[in-house]
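*Asks:* Provide a 3D model corresponding to the input given below.
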Amino acid sequence: MKGRNIVWISLLGLGLFASGVAVGQDPGLWQRHPVLAEAEHHTHIALDKLNQAQANSGWDGAGHIQRAKDLLTRADQEIWAGARANDPH
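*Replies:* You can find the predicted model right below:
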């Protein structure tokens, strides 16, 4: 079970890294959309807390914690897409 969690955490980290690289190509994006930047930051904090909870407890809450992480990852992607879609630059 722990090996499976490590795989999921690694995939999640890779996804967040990839979105960070994409955002990093336009450093002014979050400066132009500070509220979206804050929302995106909070998704990262929530993901970190869920990862900590999983690592400390060794259980997944019958799959609900993983589902929450998947939804937060999707929310992070949607916030980024929304910022890009509404960006005049």
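
*Asks:* please enumerate the helices of the chain.
*Replies:* For the chain, helices defined by DSSP state H occupy the ranges 2-24, 29-32, 34-57, 64-85.

*Asks:* mean pLDDT lowest for which of those?
*Replies:* The minimum mean pLDDT among these belongs to helix 2-24 (a mean of 64).

*Asks:* coming back round to it: in CSV: the helices of the chain, plus mean neighbour count.
*Replies:* Any C-beta I mention is one placed from the backbone N, CA and C, and that applies to glycine too. Output for the helices of the chain, formatted as CSV (neighbours: other Cβ atoms under 10 Å):
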stretch, mean neighbour count
helix 2-24, 13
helix 29-32, 14
helix 34-57, 14
helix 64-85, 16
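
*Asks:* dead centre of this protein: give me the residue that sits there.
*Replies:* Closest residue to the average C-alpha location of the chain: T73 at 4.1 Å, with Cα atoms, centre = their mean.

*Asks:* and it, how far from Q31?
*Replies:* According to Cβ to Cβ, to the nearest Å, T73 stands 24 Å off from Q31.

*Asks:* what's the answer for H44, then?
*Replies:* For H44, the distance to Q31 (Cβ to Cβ) stands at 18 Å.

*Asks:* and what of A55?
*Replies:* The value you get for A55 to Q31, if Cβ to Cβ is used, is 34 Å.
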